[in-house]
Structure formats: structure tokens, C-alpha cells
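Trainee: A predicted structure for the sequence below; I have some questions about it.
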Amino acid sequence: MSTESPHLYSEPYQASGNIDARAATKTLGRPNLPHWHVFLRETIQNSWDARLGGAVDFRVDARTLGAAHMSGLHQFFSSTPPQSAFEGDLSLDEFLHTQCGTVLVVSDRGTSGLGGPTRADVQTGKESNFVDFVRNIGRDAAKAIGGGTYGFGKGILWSSSTCRTVLVYSRAQGEQGLESRLIGVTLSGSYTQGGKRYTGRHWWGVADPATGAEPFVESEADEWAERVGFLPFEAGETGTSLMVLGPVQDEDASSLADIVESIRDAILWWCWPHAVDGTIRVVVTHEGKSVAVPDPRHHPIVGVYCEAYERATGDEPVGWPWYRTAIAGRRGLGSLGTLAWRAKRRVGSSGGWVPEGGAECHVALMRRPRFIVKYRAVEPLPDGSGNLGVFVADDERDADFAAAEPVAHDDWSPAVMGVAKGEQNAVRVAFRRMTEEIADAVRAAAPPSREAEHSSVVNQLAGALGSHIGLGVDASSQPLTSGSARSATGGPRSPRQLSVDPAGSLKLIDGVMAAEFTLIVRSASEGDAVVVTPRFVLDGGGVDKQVTPSLVGVVLNGSRVESGQWSRLEVPEGDSVVTVEVGTMPLRGVTIEAGWC
């Protein structure tokens, strides 16, 4: 490897003007999230956009560099911008002269890497990932998602460094095969030196008359990367590694360990759909030791969202206590997405960070990249239980929902979409329909009160209880008089009897409304068994034989029965009392059919 240090090129202002480098680090505005959550969201989004087609391996390493790697950094940054360029921040020179410097390295593999031309003025018709990330500010809105976006959000990398400096190491497919590239980039404040004004953008690499500094390539890039502390690429790997020098500390993360913890929380709360789908594999280390990333499916709150996501994106029928509905607009707006949710008693503190305002009565909003945009508050149940669910925007409407996002991708704001007067606003309509669907379920789940005793909703649900007891699984739903029964096979009348208490009731089970029936078993013989089938009540008084509600609980003589025994409930000799719990759905009455096996 050449012992010559990289060339520093500091960008001067042109006569026609330039953009101040510090402006590039402020394009995200002030998201209402911890700093390292924003960092994680932006970097993992870029990695996902740059995926090659399979799963992405995403890695975060927080560590303190040893003497050898600090020596490598000293040689790489042998020339540094003046102190005046850093406007009160820790300068690069000051960072380099700390005894042991801390760094945060974020890496991805299974991604395209930063390929394409290294000059921003070259049009090749191919990918432009390198110049989009290293040289350009912002992104062409026409650029397709899939090869890396690298727009305004990348500025979070430099605002995450106390000395505003990031080392960029990448490997991508080039014209002659795989090509490694390495370049250093600082975004300081603008400054004046020697009577000349500078933008604050600085690059370290190979001197070049056109760009000022080109990246090191091939073996030189790999050797410099090893010398400053990057993990090497394996044979055939492509991807990008970014080393943030001196990760910033704040009131939310006042140490390197706190930063790691904040990033781990961010992975849990904002990236869990990819854990469910298995599309991003995440590794986090602190000082060389692996840090466990929680499985979101086992989290008391996020786990419910994972279940909702599986139901929203799956094809299987959804039953109690879950609801799933297609959210669509009217007047030709068409499908907007799918909402899946359920009611759930609040667990309170789950330990660790939670989104501001909580997340126990919210809908997680997401679109095609499958990262959580926001947890949107929804209406709770009358008893205070929460409604938890997800809304997955239709892929065909992805552009509409993307247009409603700020640079930080942390909200959907209908007001910023620029919809023409007279046209429907897809995001506003989706929000309204979500609110209506959940509000309908909340009203249907409200227990009857004296004032509401004769309301249509309660009468439809509670009035059906016990009114349509059938004579077995295959029997018609003829009313069964108390004290009589017949076998499911249609045989002669038996002295054994089944009857139902007509005074059915509603109850909350884990915060979700269910209908409760009491079935009386008389004069059973040894080995007798009962089969109970829940039914929805039709408007005309019959029962729905096509779609059935969920049987959610059975209690025999005061003891709860395991679900595996519900399909054929063996009863003891003599008399028994069976309590049957049936899941309800908004605005649908329920009943049961019962018979002997």
C-alpha cells in the first residue's frame, strides 16, 4: 500500500454560488424522536432501498478504537480543515488527538453498494449511488426506489458525528467486476481562509483535477479500510460500511452504551415488520460483544402489532378477537390499504423506551418499505382497554402515502400532498375510514346499560343470545325447548337432556366483548359428549352456515376446558353446567347450536 496520505479537497464557493454544507445536515428538520432513532430509521431505510433481491444483513458496531486504528486515522486525515470550520463543534483535529476515539460503524451486505460514476456531471444511464451519497445533496424525485435513495435523510450521518466526519467504504459491481471504494467526507460549517470562502464540504481521497478528490479503489481501498478499523468484505460480497467518528451524545444517550441501547430500541419499534418477514437480519455489537436484539414477537406490546401485521398481509380468514377490513375510498378512489386490529387490555410499562403518547391504543402506519411511519392514536374501549392494529397501505397507492411524508418519514400529513382542488385526498380518506371502522367496533362492544337497553346495536347482539339453539352440529337451527334433546344422528328421544338458559349475557374477555351462554346437561351417561357450534344470527332470524364466529372459551362445572377438547366435550355422568363463550363481531348477533355426539 502507498504510504502517501490521502489528499484533502475542501470545496470553495463558486462565483454562481453553492449550498452551505451545514444545510445538508439540517434537512430532516426536528423529528419528534430520539436522535439515534432517526439515525437508525434513515440508515436502515437506505440499506433496504439498496437491496439486491434477497434478505439484507444490517450491522451496527459501536466501539472504541485501539492505538493501531487511531494511528490509521491519523495518517488518513493528516490534513484537516481549520478549527473555524466547525463552529463550536469538536473539530476533526481535536477528535484525532483524543487518546481513544469512539466510532459507530453501520454496515449492510446483500445490497448494491455505492457503484456508478464518481463524477456528478457524468450521465451513464446506469446507477448513480456513489455520487448520490458522496457528492449530491437531495435526490432526483424520478429515481426509482430499489438501488438506494440517498436523499436528504443521509445528512443524519454527519450530524451524528461530533466532528461531522464519516468514512465511506463500499463494494459494488463495476465494469471490470467487483470494485471496492473508500473516501472520507466532512460536512462542517462554511468558513473563510486566505481571503477565500469555502462551503464546508471536504473529501479525502486521490487528488483529481475535476472532482478534487476521488475515492481509493480496489486493493488500496481495502487496505486503508483495514488500517482504520473496518471489517473486511467477504469474497463476492457487496454493500456499504459507514464509520461515524465520535458519535454524538445527548440527554437521551449520554454514553456509547446508551447509544447502543437507543438503536436497539429503534430496531424493535420501527423495523419489526422485517423481523416478521425475515427480510432484514440485524446484528448489534458494543465494544466487540454481541448485543441481543429483542424478538418483537415476544414483546408484550409489539408482539400484538406483529400478529396484526400477519393478519393484515395474510390470506387466512380472521376470527375473534381480530378484525380485518379493506380500507377504500368512494367515487373511484379505490383500495387504499388493509386495517387489522384487536382490542387488548393495557399492560402498562413494558420496560424500555416506548413512543411518545404510548402505543397501546394505536394503529401502526406503514407502506411498501415496511418500516413503521408512526403509531397513530385511535379510540379506546369504554373500559379503557386499547385497540392495537396496523394499517398497510396498498402497494398501488404507495406514491400517495409517500407524498404525505416529511423528509424524516415519521408522519403522514394529508395537508402537504398538494392534491388539486376537488380531488380526493387518499391519506385523509384512509384516516377517516380507519377512525370509522374502529369507532363502529367500539360502539358494538359497549356493554348494555339501562339507557342503551333498547338500542339497535345492543338488541342485535344481546337479543340473539340463547334464541337459536340447534339440535346438533348438522341439525337445523330449530328452537329447542328447555328439558328436551335428541341425538345428532336423529335417533329416538333420550332421557338425557340439553337445555339453554335463555338469559344470555355479554362479558369482556381480555378487553374484548364476547357472548356467554349457559348450557344445562341433564341425565348424561358415562362416555357421553356434547358438541357446540357457534353461529352468526342472520337478519331474518336464521343462522349463517357459511361463516362462523369463534368459540373462545368453555367452562365445565366451574373448570375451564382446554381448547383441544372443545370439538367433542366429554361430560360426566349425571347433570352438568357448561358455560360457552363466543367471540362477537361489530353489529352481528351470535348464538350456538348444541347436540350430543
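Mentor: In hand now; what should we look at?
Trainee: For residue 249, which non-adjacent residue is spatially closest?
Mentor: Using C-beta to C-beta, 6 or more residues apart in numbering and skipping residues adjacent in sequence, the residue nearest residue 249 is residue 255, 6.7 Å away. C-beta here means a position set from N, CA and C on the backbone, and glycine is covered the same way.
Trainee: For residue 247, see how far away that neighbour is.
Mentor: Relative to residue 247, residue 255 is positioned 10 Å away (criterion: C-beta to C-beta, to the nearest Å).
Trainee: between the two, who's got more neighbours?
Mentor: Taking other C-beta atoms under 10 Å, residue 255 and residue 247 do not tie; residue 247 has more neighbours (20 against 10).
Trainee: Tell me who's in contact with that one.
Mentor: 62, 102, 103, 104, 160, 161, 162, 256, 259 (C-beta atoms under 8 Å, 6 or more residues apart in numbering).
Trainee: Next step: these restricted to helices.
Mentor: Residues of those located in helices (DSSP state H): 256, 259.
Trainee: can you pull up the bridge partners for the closest residue to residue 257 other than its chain neighbours?
Mentor: In space, residue 257 comes closest to residue 286 once its chain neighbours are excluded; the distance is 6.2 Å by C-beta to C-beta, 6+ apart. With DSSP bridges applied, residue 286 shows beta-bridge pairing to residue 62, residue 289.
Trainee: likewise residue 174?
Mentor: Beta-bridge pairing of residue 174 under DSSP bridges involves residue 177.
Trainee: quick one: it and residue 114 touch, right?
Mentor: No: the pair residue 174 / residue 114 is not scored as a contact, 10.9 Å apart, by C-beta atoms under 8 Å.
Trainee: Same drill for the two, tell me which one is more crowded.
Mentor: Neighbours were counted for residue 174 and for residue 114 using other C-beta under 10 Å; residue 114 has more, 30 against 15.
Trainee: which residues does the more buried one contact?
Mentor: 129, 130, 133, 134, 148, 168, 170, 172, 181, 240.
Trainee: Check these and tell me the two furthest apart.
Mentor: Every pair in the contacts of residue 114 was compared (C-beta to C-beta); the two farthest apart turn out to be 148 and 181, at 13.9 Å.
Trainee: These two - which one has more neighbours?
Mentor: residue 148 (31 against 27).
Trainee: partners of the helix or strand harbouring residue 552 in the sheet?
Mentor: Assigning secondary structure by DSSP states H and E places residue 552 in strand 551-556. Sheet pairing of strand 551-556 (DSSP bridges) gives strand 559-560 (antiparallel), strand 574-583 (antiparallel).
Trainee: ok, and what's touching stretch 560-579?
Mentor: By C-beta under 8 Å, 6+ apart, stretch 560-579 touches 516-532, 551, 553-558, 597.
Trainee: quick one: residue 159 and residue 424, what's the gap?
Mentor: On the measure of C-beta to C-beta, residue 159 and residue 424 end up 38 Å apart.
Trainee: Looking at those two, which one has more neighbours?
Mentor: residue 159 (20 against 13).
Trainee: which ones are touching the spatially closest residue to that one that is not a sequence neighbour?
Mentor: Spatial nearest neighbour of residue 159, excluding adjacent residues (C-beta to C-beta, 6+ apart): residue 25 at 4.2 Å. Under the criterion of C-beta under 8 Å, 6+ apart, the neighbours of residue 25 are 155, 156, 158, 159, 164, 187.
Trainee: swap in residue 419?
Mentor: Here residue 419 is in contact with residue 425 (C-beta under 8 Å, 6+ apart).
Trainee: Could you do residue 206 as well?
Mentor: 6, 7, 213, 214, 215, 216.
Trainee: Which of those ranks first by neighbour count?
Mentor: residue 215 (27 neighbours).
Trainee: State the pLDDT value of that one.
Mentor: Residue 215 carries a pLDDT value of 98.
Trainee: now do residue 471
Mentor: 29.
Trainee: Strands - which of the contacts of residue 25 land there?
Mentor: Using DSSP state E, the members of the contacts of residue 25 that fall in strands are residue 187.
Trainee: Among the contacts of residue 114, which are located in strands?
Mentor: Those of these lying in strands (DSSP E): 168, 170, 172, 181, 240.
Trainee: Could you turn the buried ones of these into a ChimeraX selection?
Mentor: Burial among those is assessed by 16 or more other C-beta atoms under 10 Å; the matching ChimeraX selection reads:
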select :168,170,172,181,240
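Trainee: Sort out which one of the ones in strands among the contacts of residue 114 lies nearest residue 56 for me.
Mentor: Using C-beta to C-beta, residue 240 comes nearest to residue 56 of these, at 11.2 Å.
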